Structures are given as structure tokens and as C-alpha cells.
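J.: Starting from these lines, generate the structure:
(2 chains)
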Amino acid sequence: EAGVTQSPTHLIKTRGQQATLRCSPISGHTSVYWYQQALGLGLQFLLWYDEGEERNRGNFPPRFSGRQFPNYSSELNVNALELEDSALYLCASSIYGSYNEQFFGPGTRLTVL
Amino acid sequence: KNEVEQSPQNLTAQEGEFITINCSYSVGISALHWLQQHPGGGIVSLFMLSSGKKKHGRLIATINIQEKHSSLHITASHPRDSAVYICAVSLFQGAQKLVFGQGTRLTINP
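T.: Residues are numbered from 1 along each chain as shown, chains lettered A, B, ... in the order given. This is a model prediction of the structure:
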């Protein structure tokens, strides 16, 4: 069974540009989560999507947004990039439900110059 | 104060030693997760538990709900166990959201 996949592996942008990161969940999983891991900081929850809807959002500005497609894959968009957006962005998926384990993808490393 | 605190932040040990990493939390949770992150950045879920104890190979995770404390133990540690170990909790409210500890960097020397 294929795991969670993310693309691209690495992404280099300049300040002010937009970045789009993609995630494909494990087959059968309807929930997709996005997390940010900035250098020197712990993992922080960004967004949770399920059945195409945004269900919960972390403490991030509106320029972090995303969507979930009918096939449950997801995109994370970061507009007006700032230097501090440089981080590892991790996607995870799970079966919907409060007690279900999340499975993580390999991450996209975003560098903002 | 963080909702999830881990100790120690860094741990270096010799191959074969018994390792313990601790996690304390201050909020109501529906489950606690132990994750492993290797230098490349990928994260593997080791355990998800809401009570008692779980064992997988050389890894053991315990949780004490009353004391809001969990421990991850590694028996007969090996250099390939070197990684960052992260404790995370699913909150009662918005249970799908994980709140993470700052991680424990474990180095096992041969």
C-alpha cells in the first residue's frame, strides 16, 4: 500500500512569490493535515481538511490556505512568501475520526530567499 | 508554558543502553502519539495510545492519564535508533489537531 506522498521534495522561491505544495493521502483516508516545522522550532499544526472542507486551522495568517480535491488529495498555498516561511512542510492523512492515527509524508522543504 | 513538554531535549548514550524519554502535558487529551523523525525529515508514527502500555519490538510506550505523563523506552539501543523522538497529543476539543512537544534528539554511539 502506497504511503502519503508529497511534491515537490524541495522548493526554492523568493520573497513575495507564491508557493504551492501538494499531498496525496493513503488510499481510503479522507482527512489531510498540514504541519510546518521551521528551523529550530517544533512542529506546528497548520490546516486540517476532510471531505473537501477545511475543518480546523492553526494560528497562521490567511496567506496560508489550501484546498482538498474530490480524490482527497490536497494543496497548500502560501502567498506573499516571507523569509520566515522557510520550513519543512509535512502532510499527514488519516481515516476520519477522533482517535485515528495520522500517517506522515516525507515533507516538502521550502526555502524562501 | 508549552502544552506538551519533553525531557530531555538531547540524549547521548552508548549502544545497548536502556533509554527513557519523558513527555508531560497540561491539557485534556483523547490520545498521545510518539513519533520518530530521522535526519532527512520524514516522520514515522511509533505509537498512539490513550491508556496503559504498548510494545513494539524494542520500543515500549506507557501513559498515565491521571498524572498526564507518558514515557517512551528503548531497550538494547542501537545506533540506528538515533533520531528525534516527538511526543504529540490529540486534544479533546478539535481532536484531529495534534499539539507537539519540542522533540528529544537521541544519539546512540557504537
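J.: phi, psi of the spatially most central residue of chain A?
T.: In chain A, the C-alpha nearest the mean C-alpha coordinate belongs to residue A:34, at 3.2 Å (Cα atoms, centre = their mean). For residue A:34, the backbone dihedrals are phi -120, psi 140 (criterion: degrees, to the nearest 10).
J.: so how far is residue B:38 from it?
T.: From residue A:34 over to residue B:38 the distance is 20 Å, taken as Cβ to Cβ, to the nearest Å. All C-beta spots, glycine's among them, are computed from the backbone N, C-alpha and C.
J.: Give me the neighbour count for residue B:11.
T.: The local packing of residue B:11 (other Cβ atoms under 10 Å in any protein chain shown) involves 17 other residues.
J.: Secondary structure element holding it?
T.: strand B:10-14 (DSSP states H and E).
J.: For that strand, which helices and strands make contact with it?
T.: Helices and strands touching strand B:10-14, by 3 or more Cβ pairs under 8 Å, 6 or more residues apart in numbering or on different chains; DSSP states H and E, are strand B:19-25, strand B:104-109.
J.: Just checking the longest one against chain A, any contact.
T.: I take that to be strand B:19-25. No. Figure legend: strand B:19-25 not in contact with chain A (Cβ under 8 Å from any Cβ of the partner chain); closest approach 12.5 Å.
J.: The helix or strand where residue B:45 lies vs chain A: in contact?
T.: Assessed by DSSP H and E, residue B:45 sits inside strand B:43-49. Yes. Using Cβ under 8 Å from any Cβ as the criterion, contacts between strand B:43-49 and chain A involve B:43, B:44, B:45, B:48.
J.: Name the stretch among the helices and strands packed on strand B:10-14 that sits most buried.
T.: strand B:19-25 (a mean of 19; mean count of other Cβ atoms under 10 Å in any protein chain shown).
J.: so who does residue B:16 touch?
T.: B:76, B:77 (Cβ atoms under 8 Å, 6 or more residues apart in numbering or on different chains).
J.: Residues in contact with the strand holding residue B:11: which ones?
T.: B:19, B:21, B:77, B:104, B:105, B:106, B:107, B:108, B:109.
J.: and the fifth one, how far is that from chain A?
T.: In this case it means residue B:105. Residue B:105 is 12 Å from chain A, where distance means Cβ to the nearest Cβ, to the nearest Å.
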